[in-house]
Structure formats: C-alpha cells, structure tokens
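Chemist: Quick one, what's the 3D model for this:
(chains A and B, ligands or ions: 2)
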Amino acid sequence: MSQSDTIPQFSKSKSGDGQSVDLTNLAAFSGGVGIKSAREVAAILLVAVLIVGGCELLLRIYAVPEYVMPLPSSIAVALVTEFHLIAPHLGYTLVELLSGFAIGAVVGLVMAAVVTQFPFVEKIVAPYILVLVTTPMLALVPLLILRFGFGYTPRIIAVALAAGPMVMINAATGFRRVDAGKIALARSYGASTLQIFWKIRAPMALPMILVGLMIGAIFGLLTAVGAEMVGGGFGLGNRLTSYSSMIQMPQFFAVVLLLSVLGILIYVIFFLIGKKWASWEA
Amino acid sequence: MDAVDDPNAKLTVRQATKIYRTASGDLVAIDRCNLDVRAREIVSIVGPSGCGKTTLLWSMSGLHGLTAGEVRLDGKPITGPNPEIGMVFQDANLLPWRNLDSNIAFPFEIKGGKPDRAWVDHLMHRVGLDGFGAKMPRELSGGMQQRAALVRALSFKPSVLLMDEPFGALDSFTREEMNRLVEEIWMETPTTIVLITHSIEEAVFLSDRVVVMSPRPGRVASIHPVPFPRPRSIEIMTTREVFDLMTTIKLEIVGERKSLSAPKPAAPPSAALDRAAS
Ligand SMILES: Nc1ncnc2c1ncn2[C@@H]1O[C@H](COP(=O)(O)OP(=O)(O)O)[C@@H](O)[C@H]1O
Ligand SMILES: [Mg+2]
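Modeler: Ligands and ions are numbered 1, 2, ... in the order given. Model prediction:
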C-alpha cells in the first residue's frame, strides 16, 4: 500500500525536479534536422563542398599515396562501381543488427518493466546490468565463435548482449519516473495495476525508452561490425579487414562511409519517432 | 463532537483517523473527523497547510483507506475508488501525451463504456473549450487546462465531485472566473461537491458550509453555514455579512495557528534587534 498512500505534491513536480527528459537534448545535431531556408541549405552544402574539395585538393597537391589516404573522388567511384560487391555484405550486417537488436530490445524492455515494479529485485540485478553495460560485448565474440561457429549466431548474440542492457538501463530510468498524481488519477477511476502500467507508466517512460533504443541500436551496430572483423567471411566488418589487407583503400573507405550513413540513419529514425510520439515532453 | 446520522447525508465521515507510518515514527494526519455532506451541497474544507485536508479527501474518494473510522457514500462504506465519485486535482493533472479529447476519454478507457458525446460537447461548450479538443495540454493556459480537467471529472456524471485546491495554481482573476463556472455548472447538475481550498473567499463564494480544520492532527474545528442566495453576485460578496463571515473564519484559522505556536518562548530582544538591523 506504500505507493497508494503517497499523496502527490503537485507544487513540487512543477519545477525542474531533474526527472524530465528531453530527447532532443541528447541530439548532437538536432538543429541540423530542422533545416529552415534555402539559404541555410546552400550554406551547409557550400561548407561540405569546401571540406571535401579541400581534402581532394590537398591530397593531390601533396601527392599523398592512396594506401595512406585515398582521394574523396576515388572513394566515391569505388562506392559506385563496387556497390554490387558490397551490397550483400550490407545485407548480412543489417540482418545481424536487426535480429540482435530486436532480441536485445524486447528482453531489455521486459526486464526494465518487470524489475522497476519490484525495487528489491532491482537492487539485486542492478550490478549485473551495470557490468553488461560497461563491458564491451566484443570481448565475448571469440568465445561465442568457438561455441557457435562462424555463422550469424555468435554475432546476433553479441549484438543482443550489447543492445539489451543499454535499452534496459534507459527504459528502467523511464519506468522509474513515477508521477504519483497521474497514477492517483488513474486509480480514482478504478484502474488496475496493468492499466496503470499501459496507460500511465509506459507513456511516461516512452521518451527514455526511445533514448535507450537509439543508444542500443548504435551499440548494436558497433558490436556487429566488430564481431564481423573478428571472424567469419561476410558482413561489412569483414569487408573492412579484407579490403585493408589487400590495401584497397578506396573500397575500404567506401565501406566506412556506408557505416557512418547507417549510424546516422539509426539516429535520424529514432529522432523522428521521438518527435512524433514523445514530443509532449519538450 | 459525535454526530448523529443525518438522513439526508450523501457522504458521511465518522471518526475518521489516519496514521501514516513513517521512518521517523507514526504521524497522526487526521484524528476522529466527523462530517456529513448532504446531497447537492457544496462544502469547503479550509485549514492550515499540513492539517490533513488532502488526507481526508483521499479517504472520501477511496484512494486510500483509514486507520480507524469510516466514510460512507449513500450509507455504504467506501472501500476503494468509486464510479460515483469524480476527482479534480491541484494542477489540472492532464496526461501531457494526450490531446484534450483523449484526456477526457481517459476515464472511460479505464472504466469501460462510451462517453456521452452530447454531454461532453455540452460541457466543453459550457467551459468555453469548443474546438480545443485536438489541442495538447501544453498548448493551453493553466485556466484552460483546469477547465478541461473539470470536464473530464464531470464527463461520467459523478454524483460527488471532490476537488483538492483545484484552482490554487491559478491567478486570482482566472480563479474567480472558475468559481463562477463551478457554481453555474453545479446549479445545472445534481452534484455534491467537497472542495479543499486555501482561499477563504473562494470557500465562502462557493459553499453552503465551510469546514475549518485544526492544525495537525487535523480535526473538524468548526463548521460555518454560508446562508447567502445563489447565484452569488459581486454585490453579495461585498456585503458586510460576507466580510464578517470571512473575517471570522480567517481569525479562527490564525487563532488555531497561534495556539499551536503559543508555547514557544518569545524571541529575546537582541534577536529582534538583529532582525531589525538586517
Ligand atoms: N504518504 C504520507 N506519508 C507520511 N506522511 C504523510 C503522507 N501524506 C501526507 N503526510 C503528512 O500528513 C500531514 C497531512 O498531510 P495532507 O493531508 O497532505 O495535508 P494538507 O492537504 O492539509 O496540506 C502532513 O504533515 C503531511 O506531511
Ligand atoms: Mg493538500
């Protein structure tokens, strides 16, 4: 009954109590997503052209050898001409990322939801979750490969292990943001514990859940690529090791470029989801 | 002050006592409170902050239980949240991730059933929120949010409306507007209202009776009938009688506070001088 006995202090929850989260605060370049005028677009493009062009120029002037740093133009050419060779590997990486992330996210979310309902359980599992969050899951990949071979399995497990704890720790922060006033409101209509969870706790946690999913997905990508570099004959990470061993630097950088596009895409997707579904907090 | 059961009572509070068990020991929030609220009556509860007003109101709503004593609605003991009872909280307490329409539909999502569209539209019109249904709470002023909260509480036609400092966060002008609105709606609907407020003016304007609670442990110190005709106009509210009643209530609350702090020794003259100097 401890929870139901707590009378909400509305006046307190008004001012910044450190509980509110703003998805856009975590946005490194949130300003860049809401581009306003044609002038801004022109300025952004101009700077990009200057940087890329400047690189190209400097590399040509100083005749930097290709195995040190390829020209931006040759990277672009490699990306286009070799794309049909790289694309299947992009597909493999995406399969690993998506399935590992899905498993990790579901487990992480469920655990966060369950654990926050029982503060005692939370105290017990918290250290282990912290270990999972702080240990790079890449370290386990050689072991996983030993056990599961060079297929998808060890990589998917590694991605899930990397993404899950990130999702869980952030979602748990979200689920812990109890607003006694909103819960009292639901209870005054006779809401059950389950209804309170779905109608109050879950929506209140949503902004933090999205942050967790985004960080989890990015960690998942890191881990997937890292695991591919450790062993197995496929995936973008495998392409990186193989191109660099053959000193095919334009191709190597084409893959790096793809990876950064993938990372940015993850960020943008969650940013847009947050804007649509969790903007009430801003 | 053991009360005899009033046959017209809608809400009956008998010997209501609530003790909070806290880390630093037991805390008696309310102590043997007795109160009868008749059907269609508006009763205000005033008293120093921390005297247990919210604790008492929560017991009436069934949001929490009592340590001793009971609350009855139409003669039946209240043991939990009751569909007959609507609550209005201090801040509007709208769900910020839902627009107004969806906020007003919220009670029905929990209870089941469909809102009476015509009734909700009428209420929205009544409080001046026509066409605001698709707005998000943060797009509205505090007064508008609180009006939406009122619509939400009335949407399922509760026979009892419990309000906990509903307009405490509003400026005095908006607050008076809200008071008039509550009176108007109350005159149209057969609702029993219990209102906690820290504004004696609001209490006198809205109520049939004003209940004064003593400092903790909260007890019902006195009950003042407010015998002025409705609707209460500015003219009535500025009469000598109203002024005298408000003064009586104010003095009583201040007096209660004084009696609480009386045992303290007076500050030594040097302290007074220090204060004067600073
Ligand atoms: N859940 C709780 N646990 C312990 N003490 C509480 C709790 N809720 C309220 N109190 C205490 O009970 C007393 C009465 O509180 P409350 O009913 O909120 O007073 P009011 O509404 O008149 O300001 C206060 O001293 C308050 O600190
Ligand atoms: Mg209170």
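Chemist: Please report the distance of the closest residue to ligand 1 within the stretch 151-282 of chain A from B:Phe108.
Modeler: Using Cβ to the nearest ligand atom, the closest approach of the stretch 151-282 of chain A to ligand 1 is made by A:Ala180 at 9.2 Å. For every residue, glycine as well, the C-beta is placed using N, CA and C. Using Cβ to Cβ, to the nearest Å, A:Ala180 is found at 23 Å from B:Phe108.
Chemist: in the stretch 101-250 of chain B, what residue is nearest chain A?
Modeler: Here the stretch 101-250 of chain B gets closest to chain A at one residue, B:Ile110, 4.0 Å apart by Cβ to the nearest Cβ.
Chemist: quick revisit: which secondary structure state does the closest residue to the residue of the stretch 151-282 of chain A closest to ligand 1 other than its chain neighbours sit in?
Modeler: In this structure, A:Ala180 finds its nearest non-sequential neighbour in A:Pro8, 3.7 Å apart by Cβ to Cβ, 6 or more residues apart in numbering or on different chains. With DSSP: H, G, I helix; E, B strand; the rest coil as the basis, A:Pro8 sits in coil.
Chemist: Quick check, A:Pro8 in contact with A:Val178.
Modeler: No: using Cβ atoms under 8 Å, A:Pro8 makes no contact with A:Val178, being 9.6 Å away.
Chemist: Compare those two (neighbour count), which wins?
Modeler: Per other Cβ atoms under 10 Å in any protein chain shown, whichever of A:Pro8 and A:Val178 has more neighbours is A:Pro8, with 21 against 18.
Chemist: count of neighbours near A:Asp179?
Modeler: Around A:Asp179 there are 18 residues (other Cβ under 10 Å).
Chemist: Equivalent analysis for the one 3 residues further on, please.
Modeler: Look at A:Lys182: counted by other Cβ under 10 Å, it has 22 neighbours.
Chemist: Repeat that for B:Arg72.
Modeler: 17.
Chemist: same deal with B:Leu154?
Modeler: Neighbours of B:Leu154 (other Cβ under 10 Å): 23.
Chemist: Can you tell me the closest non-neighbouring residue to it?
Modeler: B:Leu123 is the one closest to B:Leu154 (Cβ to Cβ, 6+ apart), at 5.7 Å.
Chemist: need the contact list for the one you found.
Modeler: By Cβ atoms under 8 Å, 6 or more residues apart in numbering or on different chains, B:Leu123 lies in contact with B:Leu150, B:Val151, B:Leu154, B:Ser155, B:Ile185.
Chemist: If we use 7 Å, what do you get?
Modeler: B:Val151, B:Leu154, B:Ser155 (Cβ atoms under 7 Å, 6 or more residues apart in numbering or on different chains).
Chemist: hang on, the earlier thing: please report the distance of the residue nearest to A:Ala180 from A:Leu185.
Modeler: Counting by Cβ to Cβ, the gap from A:Pro8 to A:Leu185 is 9 Å.
Chemist: And the chain, split by domain according to the record?
Modeler: In the absence of a named chain, this looks at chain A. A:29-64, A:72-277 (automatic domain parsing).
Chemist: Oops, wrong one, chain B.
Modeler: B:1-84+B:159-261, B:91-157.
Chemist: Please, where are all the strands along chain A?
Modeler: Applying DSSP state E to chain A gives no strands.
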